[in-house]
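A.B. asks: Sequence isn't available, so here's the structure alone:
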């Protein structure tokens, strides 16, 4: 609720109607003074963006702990008590990806040029090229798999997991090399030879294959290394992920529409359920992400075990949440709801994997 000072003049500044109380009955504008103290900018922002009067926190509480309740309430016409679905999704999405941007999930440094005041920071590939590490590699290169002692030594370097094999180390060491001139794409070493073959034998997949081939040969000619490709794909995919999720929203609602009665449930109803469900998914992912970051910071084993247990519970709840929300929102019987829910999750899994694959291809095409 706003705390701006109410004007003595009861004429609405927006539409000119008479205002008896705080809000204009004609246009809804609050009849407060045009000029307010500077701190009002911040309080007004918090109130408008999060409904700090209790609406926002009440919405989050019910979203997390009462699956399907927000959807039911909204579809019943009670729409002032909680934050609207679209606004909720946009806010949660913004917070989630903002936190991801602050604490990157994958942090790779390949130049080794960033230095701190005390200790120079070297990259992953510079670290494993150091004389000490190379000496360790030489001592175990004859072994097919690493011993527990060797694995722990590598783990202390914070560069590889303790289940790594010698072959995997060799693959990592090749990441800083350029794409070999002998490497082929579809059996062709140059763009000219590939285009010539594609012109002679056209395919209905050429709209995908040709751009990918051209990008491959372009990167090959520029001398781009494998590690640069990996980093660029990760960065591009991360930046495109919010767009991909936003695109997938109507598709998720469409699958719900297919599996439910068209007379009883409109596409609009499925859209409301989808917005609430995706808002929960983003929050759940955010919680798990923050807990995983804590695991990397805290070295006390009992606390780490508790964090891992919490993350496991959240993952299980993430799966069960959909079934509970679906049964409550659509008022379906337990077994029927479970079968429909399981079918929907399966269909959406493959559809989303298809979208992720497309996202990876787009990310590859965007590499410069």
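C.D. replies: Nice, I can see it. Here the structure is a predicted model, which means the values were calculated and not measured.
A.B. asks: Phi, psi for the closest residue to residue 211 other than its chain neighbours please.
C.D. replies: Excluding the flanking residues, the one nearest residue 211 by C-beta to C-beta, 6 or more residues apart in numbering is residue 365, at 5.8 Å. All C-beta spots, glycine's among them, are computed from the backbone N, C-alpha and C. Here is the backbone geometry of residue 365 (degrees, to the nearest 10): phi -70, psi -20.
A.B. asks: go on, residue 23?
C.D. replies: Torsion angles, degrees, to the nearest 10, at residue 23: phi -110, psi 140.
A.B. asks: again, but for residue 30
C.D. replies: Dihedral angles (degrees, to the nearest 10) for residue 30: phi -80, psi 130.
A.B. asks: Distance of it relative to residue 55?
C.D. replies: According to C-beta to C-beta, to the nearest Å, residue 30 stands 16 Å off from residue 55.
A.B. asks: Could you list the domains of the chain?
C.D. replies: Split into domains by automatic domain parsing, the chain comes to 1-38, 51-107+225-368, 122-177.
A.B. asks: Now find how far off-centre the first one is within its chain.
C.D. replies: Spelled out, that is domain 1-38. The chain centre lies 41 Å from the centre of domain 1-38; the measure is C-alpha atoms, centre = their mean, to the nearest Å.
A.B. asks: Average pLDDT for it, rounded please.
C.D. replies: Domain 1-38 comes out with an average pLDDT of 78.
A.B. asks: before we move on, what about the second one?
C.D. replies: Taken as a whole, domain 51-107+225-368 carries a mean pLDDT of 86.
A.B. asks: Tell me how far it lies from the chain's centre.
C.D. replies: 9 Å.
A.B. asks: Of all residues in the protein, which one is nearest the centre?
C.D. replies: residue 241 (5.8 Å; C-alpha atoms, centre = their mean).
A.B. asks: tell me the contacts of it?
C.D. replies: For residue 241, the contacting residues are 97, 359, by C-beta atoms under 8 Å, 6 or more residues apart in numbering.
A.B. asks: what's the following helix or strand after the strand or helix carrying it?
C.D. replies: Per DSSP states H and E: residue 241 is located in helix 226-258. Downstream of helix 226-258, the next assigned helix or strand under DSSP H and E is helix 267-297.
A.B. asks: That following helix to helix 226-258, inter-axis angle?
C.D. replies: 140 degrees (axes from the mean of the first three to the mean of the last three C-alpha atoms, to 10 degrees).
A.B. asks: got the buried residues for helix 267-297?
C.D. replies: 269-284, 286-288 (16 or more other C-beta atoms under 10 Å).
A.B. asks: what about the helices in this structure?
C.D. replies: Here the chain has its helices, by DSSP state H, at 40-50, 55-65, 69-75, 85-102, 124-128, 131-140, 148-156, 166-173, 191-200, 206-222, 226-258, 267-297, 301-330, 334-365.
A.B. asks: Distance to residue 5 for the ones you listed - can I get that in CSV?
C.D. replies: Converted to CSV, the helices of the chain look like this (distance: least, C-beta to C-beta, whole Å):
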stretch, distance to residue 5
helix 40-50, 9
helix 55-65, 23
helix 69-75, 34
helix 85-102, 27
helix 124-128, 58
helix 131-140, 67
helix 148-156, 62
helix 166-173, 64
helix 191-200, 69
helix 206-222, 60
helix 226-258, 39
helix 267-297, 35
helix 301-330, 43
helix 334-365, 50
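A.B. asks: Specify the stretch among the ones you listed that is closest to residue 11.
C.D. replies: Across those, residue 11 has its closest neighbour in helix 40-50 (21.8 Å, C-beta to C-beta).
A.B. asks: from the domains of the chain, which stretch is densest packed?
C.D. replies: Comparing the domains of the chain by mean neighbour count (mean count of other C-beta atoms under 10 Å), domain 51-107+225-368 comes out on top with a mean of 15.
A.B. asks: still on that earlier bit, quick check: which of the helices of the chain is nearest to residue 19?
C.D. replies: Closest among the helices of the chain, using C-beta to C-beta: helix 40-50, at 18.8 Å.
A.B. asks: and of the helices of the chain, who's closest to residue 14?
C.D. replies: helix 40-50 (16.4 Å).
A.B. asks: how many neighbours does residue 185 have?
C.D. replies: The number of residues packed around residue 185, counting by other C-beta atoms under 10 Å, is 19.
A.B. asks: List the beta-bridge partners for it.
C.D. replies: residue 188 (DSSP bridges).
A.B. asks: Next up, the contacts around it.
C.D. replies: Here residue 185 is in contact with 194, 213, 216, 217 (C-beta under 8 Å, 6+ apart).
A.B. asks: surely the first one meets residue 186?
C.D. replies: Yes. Between residue 194 and residue 186 there is a contact under C-beta atoms under 8 Å: 6.4 Å.
A.B. asks: Excluding sequence neighbours, find me the nearest residue to residue 31.
C.D. replies: residue 19 (4.4 Å).
A.B. asks: For that neighbour, list the residues it contacts.
C.D. replies: Applying C-beta under 8 Å, 6+ apart to residue 19 gives the contacts 10, 11, 12, 25, 31.
A.B. asks: isn't the first one right up against residue 21?
C.D. replies: No. Using C-beta under 8 Å, residue 10 and residue 21 do not qualify as a contacting pair, with a distance of 9.4 Å.
A.B. asks: wait, what's in contact with the residue nearest to residue 317 when sequence neighbours are not counted?
C.D. replies: Leaving aside its chain neighbours, residue 317 sits nearest to residue 284 (7.3 Å; criterion: C-beta to C-beta, 6+ apart). Shown in contact with residue 284 (C-beta under 8 Å, 6+ apart): 314, 317, 318, 321.
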